[in-house]
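> give me coordinates for this.
(chains A and B, ligands or ions: 2)
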Amino acid sequence: MAAVICGARIGATLAASLANMQISEQVEALEVMAVDPMRLLVAPRLWAVTLMLPLLCGYADVVGLAASYYAATEQMGVNGGTFMEQVRDIVHLGDLAAGVFKGMVFGWLVAIVSCYHGYRALKRDGAEGVGVATNRAIVHSAVLCIVLNMFMSALLYVR
Amino acid sequence: MAEQQPAITLERVCKSFGPNHVLRDVSLTLPAGKILVMLGPSGTGKSVLLRCLVGLMKPDSGRIFIEGQDITALDERRSADREQLFALRRKFGMLFQDGALFDDMCVGDNVAFPLRQHEKMSEREIADRVAQYLEAVGLKGVQRKMPAELSGGMRKRVAFARAIALRPKIVLCDEPSSGLDPVMSATLDELILELHRKFAITFVVISHDTAEARNIADYIGLLYKGELQEYGPKEQVLRSSRRHINQFFDRSTDGPIKVL
Ligand SMILES: Nc1ncnc2c1ncn2[C@@H]1O[C@H](COP(=O)(O)OP(=O)(O)OP(=O)(O)O)[C@@H](O)[C@H]1O
Ligand SMILES: [Mg+2]
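Numbering: from 1, shown residues only, chains lettered A, B, ... in the order given. Ligands and ions are numbered 1, 2, ... in the order given. I've put the predicted structure just below:
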C-alpha cells in the first residue's frame, strides 16, 4: 500500500520533470551535445527509485509499527512487552523481506512507466502534454502495481 | 586537403509535416569557416532546417553532408550509427530559439555542461572558461543564478555561451538577436565575428535582421515558403535584383512576400 502511494507520487514527479524537459527542447539540447538522454536522464532515475522505494516501504513499516505501539500502550493500555511479543508472533522476517522485495519491483516498475510517459511527451503538446504525461504515469503506475501485487502475493505466500 | 571540404552541403532537402510542406528542394553549399545568415519571414522553416542539420529531424528526401559525411544516412536507432551521429554532433554547438537551458541547473553549470561531458578539463579551467564566455556575452557573475531567474534576453545569451563553450567547428544560432536590444545584439555580432576570426568557426545564423546580415555575413540565404529564394556570397546577394531579397532589405510590404 505504501509502495503504491509513494510510487504514484514519485511517478508523477518523474513524468512531469521529463515531460517538461521534452517540451522545452532540453532533451533535444542534450542530443545535440552528443549526450545520450537515456543514460543521463532515465538511468539514474531508474536506479534511484528502484533502490529507494524499498527503503521508503521499510520506513513506512517502522512508522506504522511505532504508531500502533503508541496506540496500543497509551490508548488501550496494553503492556509494551506484550505488544512486542504479539508483533513478533504475527510478523515474520519473511514478510519484511517480501515487503522490501516488492518495494524494489514496484519502484522499478513505477520508474519505467513514468519515464516512458514523460519521455514520450511531444513539444507540440505544450504544457498540456506535461499534465497528460503526469496523469498517465500516475494511473498506469498505480494500476500496474496493484495488479502485479496480486500476482506477487500469490507467488510469495502460496509456497 | 580535407580543410577544403565544405562545412555543410544540402542536396535537394525536402521536409513536410503532413500536408504542410515546410522545406522544398533546398540545396546549398557552405564553405568551411564562413558565416551564413539565413533570413526569412516567420514560419518558413528556418528552425526546421537547423534541426535537420544536426539530425534532430530527418528530411523526407534529399541529403545533408556535414564536412562530407552524410548525416541523413545515419539512423539513430542503430547503435553503430548512433555513435557516428554523436561523433558528428560534437562538431556542433547549437543555440535553440528558446534557449533550451537546463532549468534544474544554475547558469554556470549550464555553460559548463558540455565541457564536463566532453573535455578533460579541471574544474578550475572549466570555471575560468565559463566566466570568460559569460563575461563575453555581458553576463558577468551570474553563475549561481537559475535560468528561471533570468530575462528572456539573458537566457538567450547564456544559451549562446553554452553553444560556444566547446569551441565547436560549426555553430548554429536560431535567432540569436531576437529579444535583444540593439546594443546587445551588436555586441553578440561582434562576438560571433571575433570567434570566427580566432577559431575559424563556421556559423549558421538565423535572423530576421537585415542589418545583422550586412554586418556579419559571408553568405546570405533567404528562405520563403520553404524554398531558398536567394543564396550566395553576401556581395552577390546584396547586388541581386530579385524582388524577394529587395523587399526584405527594404522592409517593404510591397512585393512577393505576403503576410497571409
Ligand atoms: N514538429 C513539428 N511538427 C509539425 N509541424 C512543425 C513542426 N515543427 C515545425 N513545424 C511547422 O513547420 C513550419 C516552419 O516552422 P519553423 O519553426 O521552422 O519556422 P521558423 O522559420 O523558424 O519561424 P520563426 O522565425 O517564427 O522561428 C511551421 O508551419 C510549423 O507549423
Ligand atoms: Mg524558428
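
> give me every residue that touches A:Ala12.
Taking C-beta atoms under 8 Å, 6 or more residues apart in numbering or on different chains, we find A:Ala12 in contact with A:114, A:134, A:137-138. Bear in mind the C-beta positions are built from the backbone N, C-alpha and C, glycine included.

> reformat those as TSV; add neighbour count, distance to ligand 2 and pLDDT.
What follows is these, written out as TSV (neighbours: other C-beta atoms under 10 Å in any protein chain shown; distance: C-beta to the ion, whole Å; pLDDT from 0 to 100):
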residue	neighbour count	distance to ligand 2	pLDDT
A:Ser114	32	31	92
A:Thr134	24	28	93
A:Ala137	29	31	92
A:Ile138	22	34	90
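
> just the helices in the stretch 51-200 of chain B please.
Applying DSSP state H, counting those that start in this stretch to the stretch 51-200 of chain B gives helices spanning B:79-89, B:107-118, B:123-136, B:152-164, B:182-199.

> could you do chain A as well?
A:2-23, A:26-32, A:37, A:43-70, A:80-90, A:93-119, A:126-158 (DSSP state H).

> and the third one, what does it pack onto?
In this structure, helix A:37 makes packing contacts with helix A:26-32, judged by 3 or more C-beta pairs under 8 Å, 6 or more residues apart in numbering or on different chains; DSSP states H and E.

> confidence score at the residue of chain A found nearest ligand 2?
Here chain A gets closest to ligand 2 at one residue, A:Glu25, 11.4 Å apart by C-beta to the ion. As predicted, A:Glu25 sits at a pLDDT of 89.

> cool, B:Glu3 as well?
At B:Glu3, the pLDDT recorded in the model is 55.

> ligand 2 versus the closest residue to B:Ile8 other than its chain neighbours, what's the distance?
Nearest residue to B:Ile8 in three dimensions, chain neighbours excluded: B:Leu30, at 4.4 Å (C-beta to C-beta, 6 or more residues apart in numbering or on different chains). Here B:Leu30 is placed at a distance of 19 Å from ligand 2 (C-beta to the ion, to the nearest Å).

> go on, B:Val22?
For B:Val22, the distance to ligand 2 equals 11 Å [C-beta to the ion].

> run through who's touching stretch B:66-84.
By C-beta under 8 Å, 6+ apart, stretch B:66-84 touches B:5-9, B:32, B:52-55, B:58-59, B:62-65, B:85, B:88, B:91, B:169-170.

> pLDDT of that stretch, averaged?
For stretch B:66-84, the mean per-residue pLDDT is 85.

> low-confidence ranges, the chain, go.
Using chain A here. In the prediction, chain A carries residues with pLDDT under 70 at positions A:1, A:157-159.

> was after chain B, sorry
For chain B (pLDDT under 70), the answer is B:1-3, B:259-260.

> which single residue of it ends up nearest ligand 2?
Closest point on chain B to ligand 2, by C-beta to the ion, is B:Ser47, at 3.1 Å.

> how is chain B divided into domains?
Chain B resolves into domains spanning B:31-59+B:73-91+B:170-260, B:99-167 when parsed by automatic domain parsing.

> let me have those domains in JSON lines, extended by distance to A:Ala15 and mean neighbour count.
Listed next are these as JSON lines, based on distance: least, C-beta to C-beta, whole Å; neighbours: other C-beta atoms under 10 Å in any protein chain shown:
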{"stretch": "domain B:31-59+B:73-91+B:170-260", "distance to A:Ala15": "22", "mean neighbour count": "18"}
{"stretch": "domain B:99-167", "distance to A:Ala15": "15", "mean neighbour count": "18"}
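
> so which of those gets nearest ligand 1?
Evaluated with C-beta to the nearest ligand atom, the domains of chain B place domain B:31-59+B:73-91+B:170-260 nearest to ligand 1, the distance being 3.2 Å.

> for that closest one, what is the distance to the chain centroid?
Distance of domain B:31-59+B:73-91+B:170-260 from the chain centroid (C-alpha atoms, centre = their mean, to the nearest Å) equals 6 Å.

> check whether it contacts ligand 1.
Yes. Counting by C-beta under 6 Å from any ligand atom, contacts between domain B:31-59+B:73-91+B:170-260 and ligand 1 involve B:40, B:42-48.

> still on that earlier bit, ok, the residue of chain A closest to ligand 2 - how many residues close by?
21 (other C-beta atoms under 10 Å in any protein chain shown).

> what's the answer for the one 4 residues further on, then?
For A:Ala29, the neighbour count with other C-beta under 10 Å is 26.

> how about the contacts made by it?
Here A:Ala29 is in contact with B:94, B:96, B:100, B:102 (criterion: C-beta under 8 Å, 6+ apart).

> correct me, but the last one touches B:Val111?
No. Applying C-beta atoms under 8 Å as the test, B:Phe102 and B:Val111 come out as separate, 10.5 Å apart.

> need phi/psi at the residue nearest to B:Ile8.
With angles defined as degrees, to the nearest 10, B:Leu30 sits at phi -120, psi 110.

> that one: what's it in contact with?
Per C-beta under 8 Å, 6+ apart, neighbours of B:Leu30: B:6-9, B:36, B:202, B:204, B:219.

> need the contact list for the spatially most central residue of chain B.
Nearest to the mean C-alpha position of chain B, counting by C-alpha atoms, centre = their mean, stands B:Leu172 at 1.9 Å. Each residue near B:Leu172 by C-beta under 8 Å, 6+ apart is listed here: B:50, B:53-54, B:92-95, B:163, B:203-204.

> distance to B:Asp181 for those - can I get that in JSON lines?
Output for the contacts of B:Leu172, formatted as JSON lines (distance: C-beta to C-beta, whole Å):
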{"residue": "B:Leu50", "distance to B:Asp181": "24"}
{"residue": "B:Leu53", "distance to B:Asp181": "29"}
{"residue": "B:Val54", "distance to B:Asp181": "29"}
{"residue": "B:Phe92", "distance to B:Asp181": "28"}
{"residue": "B:Gly93", "distance to B:Asp181": "24"}
{"residue": "B:Met94", "distance to B:Asp181": "23"}
{"residue": "B:Leu95", "distance to B:Asp181": "18"}
{"residue": "B:Ala163", "distance to B:Asp181": "20"}
{"residue": "B:Phe203", "distance to B:Asp181": "21"}
{"residue": "B:Val204", "distance to B:Asp181": "23"}
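
> give the buried residues for stretch A:128-141.
The neighbour-count check on stretch A:128-141 (16 or more other C-beta atoms under 10 Å in any protein chain shown) flags A:129-130, A:132-134, A:136-138, A:140-141 as buried.

> count of residues packed around B:Asp25?
15.

> ok, and the closest non-adjacent residue to it?
Counting by C-beta to C-beta, 6+ apart, B:Arg12 is the residue found nearest to B:Asp25 once chain neighbours are left out, at 5.1 Å.
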